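Chemist: test case, fold it:
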Amino acid sequence: AGNISGLGDNSTEELAQGMGHELVDVPADSFKVLTDRYLDKGMDFIKISVTDHNSPNPQPLLFTKPELETMVQEAHKRGERVDSHTNTVEGLRLAALVGIDVVQHPEALRGDGNTPLAMPDDVAHLLAQRHVICSSFAGRRMDNAIGGLGTSSDRQQMRANIQTLIKDGCQLSV
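Modeler: Numbers count the residues shown, from 1 in each chain. Here you go, the predicted model:
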């Protein structure tokens with residue numbers, strides 16, 4: 001293992017293994033090399049947490065726009081798809097802008113205090129315009145959705161968000 005942007009040999013090798021939460025503290029100029037090393041392991045796609053299931057609410061963005069762009073560009077150069085977890089309006093907007101291919105459960109938007117949020121038309125339109133596939137909890141899985149979105153009113157909001165995505169022309173996957 002080499003030394004990337006001041007990281008020691010062990011740290012670099014460890015980070016290249018998982019591309020997980022450890023990347024939040026990585027110097028910005030390391031993302032290209034680390035993404036390439038991860039893809040060299042033969043991955044079919046990468047999934048990036050733009051926001052995180054386990055963060056306090058409101059959920060912060062985990063990466064800057066340039067960091068996300070670097071990871072997406074490196075994957076796309078190699079013909080690989082990029083999936084994303086994000087459940088905030090800001091995170092969905094950023095995912096679309098940097099070229100992420102698939103967003104997981106975009107209908108499960110959350111705000112302060114874990115409250116469900118309505119899908120803004122401008123965000124749904126941006127996802128559609130950028131041809132981002134929206135992979136949904138629709139159907140039976142919605143009843144047991146992750147992140148505490150299991151109440152009747154939560155499910156109603158999620159259904160309304162799916163309807164907004166459909167109305168604005170998004171590609172949905174369930």
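Chemist: was I right to think residue 70 contacts residue 33?
Modeler: No. Under the criterion of CB atoms under 8 Å, residue 70 is not in contact with residue 33, lying 9.8 Å apart. C-beta: built from backbone N, CA, C; applies to glycine.
Chemist: any chance you could map the strands in this protein?
Modeler: 45-49, 81-85, 102-104, 133-135, 171-173 (DSSP state E).
Chemist: turn those into JSON lines, columns for distance to residue 154.
Modeler: Below are the strands of the chain laid out as JSON lines (distance: least, CB to CB, whole Å):
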{"stretch": "strand 45-49", "distance to residue 154": "21"}
{"stretch": "strand 81-85", "distance to residue 154": "18"}
{"stretch": "strand 102-104", "distance to residue 154": "17"}
{"stretch": "strand 133-135", "distance to residue 154": "18"}
{"stretch": "strand 171-173", "distance to residue 154": "19"}
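Chemist: possible to save the ones you listed as CSV with mean pLDDT and distance to residue 125?
Modeler: Putting those into CSV (pLDDT from 0 to 100; distance: least, CB to CB, whole Å) gives the following:
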stretch, mean pLDDT, distance to residue 125
strand 45-49, 87, 22
strand 81-85, 92, 18
strand 102-104, 95, 14
strand 133-135, 95, 12
strand 171-173, 91, 13
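Chemist: nearest to residue 164, of these?
Modeler: strand 133-135 (10.4 Å; CB to CB).
Chemist: what is that closest one packed up against?
Modeler: strand 102-104, strand 171-173 (3 or more CB pairs under 8 Å, 6 or more residues apart in numbering; DSSP states H and E).
Chemist: most packed of those?
Modeler: When those are scored by mean count of other CB atoms under 10 Å, the highest mean neighbour count falls to strand 102-104 (a mean of 21).
Chemist: identify all contacting residues around that strand.
Modeler: 47, 81-86, 92, 95-96, 127, 132-135, 173 (CB atoms under 8 Å, 6 or more residues apart in numbering).
Chemist: same question, stretch 63-78
Modeler: 23-24, 28, 31-32, 35-36, 39, 45-46, 48, 50, 81-82, 94-95, 97-100.
Chemist: out of the residues you listed, which are inside helices?
Modeler: Residues of those located in helices (DSSP state H): 31, 32, 35, 36, 39, 94, 95, 97, 98.
Chemist: am I right that the fifth one is in contact with residue 80?
Modeler: By that I understand residue 39. Yes. Residue 39 lies in contact with residue 80 (CB under 8 Å); the separation is 6.2 Å.
Chemist: quick check: closest non-adjacent residue to residue 95.
Modeler: Nearest residue to residue 95 in three dimensions, chain neighbours excluded: residue 84, at 4.7 Å (CB to CB, 6 or more residues apart in numbering).
Chemist: I'd say that neighbour and residue 51 touch.
Modeler: No. With contact defined as CB under 8 Å, residue 84 does not count as touching residue 51 (9.1 Å).
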